[in-house]
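Novice: From the sequence below, what's the structure:
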Amino acid sequence: MTRSLLAASVAILLATIGANAQTAAPTTQPAPAASDQPAADQGAADQAASDDDKQAPIPFEGGQLTITQPEQDGEKVLSYDGKQLASNYDVFFDKIVKIGDVNVALVDVGDGGNQCGPAKVIVWKKDGEIQTTTVEQDECGAPPAAVSDSAIYFVPYLLPGETRPALQWSPAAGLTTSGNLTYTPEPGTDWKDVDPSKYDNIIDAFHNEAVYKAGQALLGNDMPDMATSLLVGGGTEKTASGAFYATGCVPHDCGGNDGFMAVDPANHKIYFARRGDNGEPQAWPPLKDWPADIKKAYDDAQNSGN
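Specialist: Now for the predicted structure:
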């Protein structure tokens, strides 16, 4: 294994931790009752919140990185000593790292919301001039970043059936492609290893090699779209026969692009249904070939409005 491949392998492990952390839902806190906050204090509270949103200048390479919001409710602007570098509705300083002997600032810049993550703006100095590179994949934010001594690696989060490029950046070489990563299930896992009690989302079942191969045989190139239709979902439920199933939907399109998946470990079978872009349901295998209890679970899910 070459040094670059070894570094990339380490980076993938680090970035996977970041990718998993990004998929965790934030804890919801109960809102305070109106009586807990006197109306007369509301203006002061709003002002304090506004002050908290302001980011202090960041000393960098003999100057200052600043994040300002020239207009209320407008875009925030990243600048270096008055020179604008980037702008968007969400701009947040991440950290300063050292790549070789070069100091590099990392800043998150995005539209806001949780549909897409922020792009990563890389800032450094070369020959006395400030430089920037923006890292973004599929116009939906940058993959998680992992920093080594010689490069920054951007390793994508993969859905079942997906292949995406892993990127790396260094001051000398700029942004390059390290290679392609392909979603791979855990080698050697079989139907007997399926354990739905360990799955936060039924998509986790694809980590099992037997489930993955069965899904691939049914779905082919539709596997990533099917997995996407299950992204917003929770735990699984069981049928009387012991099969387990779950419903889900595409982020920000619940009710318009929903998915259903069932796994029958005892009979080594798997079932999918998805309401496609045209609004018509699709099923793999055809619904007429589904066992009665799994078909009922699907019908009940449809009737509940999920």
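Novice: got a list of what residue 204 touches?
Specialist: residue 198 (Cβ atoms under 8 Å, 6 or more residues apart in numbering). For glycine as for every other residue, the C-beta is placed from the backbone atoms N, C-alpha and C.
Novice: Would you double-check that it falls in a helix?
Specialist: Yes: the assignment for residue 204 is a helix, going by DSSP: H, G, I helix; E, B strand; the rest coil.
Novice: separation between it and residue 198?
Specialist: Separation of residue 204 from residue 198 (Cβ to Cβ, to the nearest Å) stands at 7 Å.
Novice: in what helix or strand does residue 272 lie?
Specialist: Residue 272 belongs to strand 269-275 when assigned by DSSP states H and E.
Novice: Point out the other helices and strands that whichever helix or strand comes after that strand packs with.
Specialist: For strand 269-275, the following helix or strand on the C-terminal side (DSSP H and E) is strand 281-284. Counting contacts by 3 or more Cβ pairs under 8 Å, 6 or more residues apart in numbering; DSSP states H and E, strand 281-284 is packed against strand 269-275.
Novice: just how off-centre is the strand it packs on within its chain?
Specialist: Computed by Cα atoms, centre = their mean, to the nearest Å, the chain-centroid distance of strand 269-275 equals 23 Å.
Novice: Name every strand pairing with that strand and say which way it goes.
Specialist: strand 258-264 (antiparallel), strand 281-284 (antiparallel) (DSSP bridges).
Novice: Return the set of residues that bridge with the closest residue to residue 238 other than its chain neighbours.
Specialist: Closest residue to residue 238 apart from its sequence neighbours, by Cβ to Cβ, 6 or more residues apart in numbering: residue 244 at 5.1 Å. Assessed by DSSP bridges, residue 244 has beta-bridge partners residue 238, residue 263.
Novice: quick one: pLDDT of residue 244?
Specialist: Confidence at residue 244, expressed as pLDDT, is 96.
Novice: how close does it sit to residue 256?
Specialist: Distance from residue 244 to residue 256, by Cβ to Cβ: 25 Å.
Novice: which of the two has more neighbours?
Specialist: Counted by other Cβ atoms under 10 Å, residue 244 and residue 256 do not tie: residue 244 has more neighbours, with 23 against 11.
Novice: where in this protein is pLDDT low?
Specialist: 1-53, 114-115, 276-280, 305-306 (pLDDT under 70).
Novice: Of the strands paired with strand 269-275, which stretch is the most buried?
Specialist: Among these, ranked by average contacts under mean count of other Cβ atoms under 10 Å, first place goes to strand 258-264 (a mean of 26).
Novice: roughly how far is that strand from the heart of the chain?
Specialist: With Cα atoms, centre = their mean, you get 21 Å for strand 258-264.
Novice: again, but for stretch 222-234
Specialist: 13 Å.
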